[in-house]
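Trainee: this one's sequence-less:
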């Protein structure tokens, strides 16, 4: 029987072999087991508690939390252990309290002072349970769900709210004794999302829901009441909750005055603990507690792959498949370590042949995969500047690890990164010719903005630059950049924004800082840079004609202001023609006080600043006839 079984088994194996391959050999093979992994995480966040009580005047604020987790995963399933520490506190929601005065005519009187005395609530959770995860193919993104059970603790939360009458006497408005330190069964459900920016380290964000089972027993210590003198130390009386306005019981203070501590749900909440007394029922309640929280933190993962015992397997006689690897490259600045997104990176073989090219992502990272162990050269190019490259040696490809390499921007120049926008908006302007002038050497560079209005230049150290934009029918701001104000060891990118006004036909544009002294029409020094901006615009648009309009404030007579504004318009025209612009392209017109910008008309009292806003010069493109 055994012989027949062996024959049948052999025939089945041979038949299966012929279906797959005509030649098989038996050999000893290493069967790689599924990689296991450990993770250690720290987190911090904000916890929002929910106490299932009906306290009329007491609420509970959220508070900070911190915690750690340890996970062990087998593929998608694992075990998790957590520790959490949470801090929150009670608060009073009483606003604008009042009392009825004990006078012949009862009057509602507001309290003169409201005092809140409280102890923070400390909670902890220690638990363990199963965890489940989904890991992306490139091992960078991980989503987790864990269900934990364990032990929760709570301590503190006592709160006393007092208010003072005009007579000086103090009333208790509400009180709760909080909780003595106690342990409760607790459960926790948690979701977490992690991004790993290298083989070991990652950042995560997540949320949890936590519940304490059985309810937390109210405290019987009354530490605040004792410290305030409402109860004597060692008193057998105990107060758990009080709110003003229900059935009263008197409690003697240390000063001999009777203060009112009322009842809860029409039941007496002060009791005598002495044995044999009639009123010895414990009226403490167990209050249900749960909370939700949002958090973020760091994750570290570790744990090598393990191999299963060797076993005999049947396998086709084919050439072994060589392992392939990945090289992860980060482009960064050599001096500041700033990352360089959108950088061209290429990888070459030992013969100098380019195998792969790609651009770095927003984190300055690019990854090349499906590479056989070999010698490679990695090169980069950013802003038309070659980066310091790197090499990968065949001997470095080991242990199924991704090889980490950097390419460095080693140029000592700065990079000016900017954006052209319409003034007073975030609207980008594409197709703008940005002009960068070296004011020390008269050298000039041009660059065009892309669809996002972006542009960039290299800038020398210790140099004075002017920069502005050129586009038909746009009036550009001119900016000055002093690179001596920047340290190349700390800064690579000089960020700026150039605003441009749309100089549409017939639309007036107020020239900034073109103001005049009272009764004067000469061009002040602070006005010349803005007029120079108009000169640049007319040089860039040689066919454009413009009208310069001048305006006054309402002081003095209409006739005087009309004459003065014409003088001012003529002065602006004279200055522009002195800079080489043909007078035939310019019209100067005074409008006097006929076009005020604000309320400051005749007879209206205004400040000097308000009047000066009306003393201005505007420009508009003259529409073709």
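Mentor: That came through fine. In this text, all values refer to a predicted model and were calculated from it rather than measured experimentally. Numbering: from 1, shown residues only.
Trainee: residue 426 looks like it's in a helix, true?
Mentor: No. With DSSP: H, G, I helix; E, B strand; the rest coil as the criterion, residue 426 is coil rather than part of a helix.
Trainee: where's it relative to residue 419, distance?
Mentor: Using C-beta to C-beta, to the nearest Å, residue 426 is found at 9 Å from residue 419. Any C-beta I mention is one placed from the backbone N, CA and C, and that applies to glycine too.
Trainee: which residue ranges form the strands in the stretch 351-500 of the chain?
Mentor: Secondary structure of the stretch 351-500 of the chain (DSSP state E, counting those that start in this stretch): strands at 354-359, 365-371, 376-382, 385-386, 390-392, 403-409, 414-422, 433-438, 444-448, 454-459, 464-470, 474-476, 479-482, 493-502.
Trainee: now do the helix or strand following the last one: which elements does it pack against?
Mentor: If I follow you right, that is strand 493-502. The first helix or strand that comes after strand 493-502 along the chain, using DSSP states H and E, is strand 509-510. The helices and strands touching strand 509-510, judged by 3 or more C-beta pairs under 8 Å, 6 or more residues apart in numbering; DSSP states H and E, are strand 616-621.
Trainee: identify the residues contacting the strand it packs on?
Mentor: Contacting residues not belonging to strand 616-621 are listed as 473, 475, 503-511, 514-515, 527, 534, 544-551, 568-569, 572, 597 [C-beta atoms under 8 Å, 6 or more residues apart in numbering].
Trainee: who's more crowded, residue 426 and residue 419?
Mentor: The residue with more neighbours, out of residue 426 and residue 419, is residue 419; 20 against 9, by other C-beta atoms under 10 Å.
Trainee: for the residue nearest to the more buried one when sequence neighbours are not counted, which residues are in contact?
Mentor: Nearest non-adjacent residue to residue 419, counting by C-beta to C-beta, 6 or more residues apart in numbering: residue 453, 4.7 Å away. Residues near residue 453 by C-beta under 8 Å, 6+ apart: 419-421, 428-430, 432.
Trainee: and the strands in the stretch 501-625 of the chain?
Mentor: 509-510, 546-551, 586-590, 616-621.
Trainee: swap in the stretch 151-300 of the chain?
Mentor: 159-164, 170-176, 179-196, 201-217, 237-239, 241-243, 248-252, 258-262, 270-272, 286-302.
Trainee: in a markdown table, list those strands along with mean pLDDT.
Mentor: Listed next are the strands of the stretch 151-300 of the chain as a markdown table, based on pLDDT from 0 to 100:
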| stretch | mean pLDDT |
| --- | --- |
| strand 159-164 | 89 |
| strand 170-176 | 84 |
| strand 179-196 | 95 |
| strand 201-217 | 94 |
| strand 237-239 | 75 |
| strand 241-243 | 77 |
| strand 248-252 | 33 |
| strand 258-262 | 38 |
| strand 270-272 | 35 |
| strand 286-302 | 94 |
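Trainee: dump these into CSV; add mean neighbour count and distance to residue 487 as well.
Mentor: CSV is the format used below for the strands of the stretch 151-300 of the chain (neighbours: other C-beta atoms under 10 Å; distance: least, C-beta to C-beta, whole Å):
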stretch, mean neighbour count, distance to residue 487
strand 159-164, 21, 53
strand 170-176, 22, 58
strand 179-196, 18, 32
strand 201-217, 18, 29
strand 237-239, 22, 65
strand 241-243, 23, 63
strand 248-252, 15, 69
strand 258-262, 17, 67
strand 270-272, 18, 70
strand 286-302, 18, 30
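Trainee: tell me which of the ones you listed sits nearest to residue 555.
Mentor: With C-beta to C-beta as the criterion, residue 555 lies closest to strand 159-164 of those, at 58.3 Å.
Trainee: got the angle for the closest one vs strand 170-176?
Mentor: 160 degrees (axes from the mean of the first three to the mean of the last three C-alpha atoms, to 10 degrees).
Trainee: returning to what we had before: tell me which of the strands of the stretch 501-625 of the chain lies nearest to residue 217.
Mentor: Using C-beta to C-beta, the nearest of the strands of the stretch 501-625 of the chain to residue 217 is strand 509-510, at 72.2 Å.
Trainee: the closest one - what's its average pLDDT?
Mentor: Confidence over strand 509-510 (mean pLDDT, whole number) is 76.
Trainee: and if you look at stretch 549-558?
Mentor: If you average the pLDDT over stretch 549-558, you get 87.
Trainee: buried ones in that stretch, by neighbour count?
Mentor: Buried residues in stretch 549-558, counted by 16 or more other C-beta atoms under 10 Å: 549-556.
Trainee: what of stretch 496-511?
Mentor: So for stretch 496-511, counting by 16+ other C-beta under 10 Å, buried means 498-501, 503, 509-511.
Trainee: TSV for these, including distance to residue 592?
Mentor: As requested, these are exported to TSV (distance: C-beta to C-beta, whole Å):
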residue	distance to residue 592
498	35
499	30
500	30
501	25
503	25
509	20
510	17
511	18
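Trainee: looking at the residues you listed, spot the one nearest residue 329.
Mentor: residue 498 (33.4 Å).
Trainee: for that closest one, give the beta-bridge partners.
Mentor: Counting by DSSP bridges, residue 498 is bridged to residue 420.
Trainee: would you agree it is in contact with residue 419?
Mentor: Yes. Using C-beta atoms under 8 Å, residue 498 is in contact with residue 419, at 7.4 Å.
Trainee: ok, residue 223 - contacts?
Mentor: Contacts of residue 223 (C-beta under 8 Å, 6+ apart): 119, 158.
Trainee: gap between it and residue 176?
Mentor: 12 Å.
Trainee: mutual contacts of these two, please.
Mentor: residue 158.
Trainee: what ranges of the stretch 451-600 of the chain fall below the confidence cut-off?
Mentor: 513, 515-520 (pLDDT under 70).
Trainee: if we use 90, what do you get?
Mentor: Low-confidence segments of the stretch 451-600 of the chain (pLDDT under 90): 470-480, 499-558, 561, 563-565, 567-572, 584, 593-595, 597.
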